[in-house]
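J.: one predicted model, sequence on top.
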Amino acid sequence: MDILFAQIQADLHSNGTLRQSNALLQAFQQSATDRDISVIAKFVVKEIVTLPVPAFCKKLALDLIRSTRLTADSGTSSALEFKMGTTIATSPI
C-alpha cells in the first residue's frame, strides 16, 4: 500500500497534467474502497490546491479533499482557507 501511495504522490508532484489527473483518479479509487487516504489528501492540498495547476486537476483535487475526512488538526485548513476562501466546505459542485 505504501508503494502505491508513494507512486500517487510522485505523480502528483510531477508537472504533467495527465500524470496528476491519473494520480487523483487513483486516489479516488482508493477512497472508494474505504482506505484511509488522508496522507494523500494532505499532499494534494500542498501540491495541487496551493500551486498553479490546470483547472481540471484542481477540480479533481477539491473533489478528492471533500470526499476525505480531513480535520483542522491535519494542518491543511489554513492552506485551503488561504487559497480557496471559506467556500470550500460550503459550496456544492
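T.: In hand now; what should we look at?

J.: avg pLDDT for stretch 60-73?
T.: For stretch 60-73, the mean pLDDT works out to 79.

J.: same question, stretch 18-36
T.: Mean predicted lDDT for stretch 18-36 stands at 93.

J.: hmm, who's touching it?
T.: 1, 4, 7-9, 11-12, 14, 37, 40-41, 44, 48, 53, 56-57, 60-61, 63-64, 67-68 (C-beta atoms under 8 Å, 6 or more residues apart in numbering). For the C-beta atoms, the positions are set from N, CA and C on the backbone; glycine is no exception.

J.: drop anything exposed from the residues you listed.
T.: 8-9, 11-12, 37, 40-41, 44, 48, 53, 57, 60-61, 64, 68 (16 or more other C-beta atoms under 10 Å).

J.: quick one, helices of this protein?
T.: Applying DSSP state H to the chain gives helices spanning 2-13, 17-32, 38-44, 55-67, 77-84.
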